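Participant: Fold the following for me, if possible:
(one chain, ligands or ions: 1)
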Amino acid sequence: MKECKECPWRVINKHNETIVEFSKRTDKAHNCHMTKNGGEKLWEVDEETKCRGRLNYEKKNSHLI
Ligand SMILES: [Zn+2]
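Facilitator: As a prediction, the model looks like this:
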């Protein structure tokens, strides 16, 4: 699975910044936007639809966890 087109970790705008900041602050993963779980269920992570941008962030920072 590739990053979604509108991945908040890649496409910077006010709405996406809010998601990324919240995700970092609470250390919570979320689903990718363009999936069926991207709307109201954004924070009910399903491994299948987990945001790739967030995954990459976790990989990059895994030495910190
Ligand atoms: Zn994404």
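
Participant: now check the longest helix anywhere in the chain, is it near the ion?
Facilitator: Assignment by DSSP state H gives helix 14-26 as the longest helix of the chain. No: using C-beta under 5 Å from the ion, helix 14-26 stays clear of the ion, coming no nearer than 9.2 Å. Using the backbone N, CA and C atoms, a C-beta is placed for each residue, glycine as well.

Participant: packing partners for that helix?
Facilitator: Helices and strands touching helix 14-26, by 3 or more C-beta pairs under 8 Å, 6 or more residues apart in numbering; DSSP states H and E, are helix 52-60.

Participant: mean confidence for the helix it packs on?
Facilitator: Across helix 52-60, pLDDT averages out at 93.

Participant: try stretch 32-39
Facilitator: 82.

Participant: what is the mean pLDDT for the longest helix of the chain?
Facilitator: The model assigns helix 14-26 a mean pLDDT of 95.

Participant: got the angle for it vs helix 52-60?
Facilitator: 30 degrees (axes from the mean of the first three to the mean of the last three C-alpha atoms, to 10 degrees).

Participant: and helix 14-26, which residues are buried?
Facilitator: 16, 19-20, 23 (16 or more other C-beta atoms under 10 Å).

Participant: Any idea how many residues pack against the residue nearest to Lys41 when sequence neighbours are not counted?
Facilitator: Nearest in space to Lys41, with sequence neighbours left out and distances taken as C-beta to C-beta, 6 or more residues apart in numbering, is Asn31 at 6.5 Å. Asn31 has 23 neighbours, counted by other C-beta atoms under 10 Å.

Participant: Many thanks, we can stop here.
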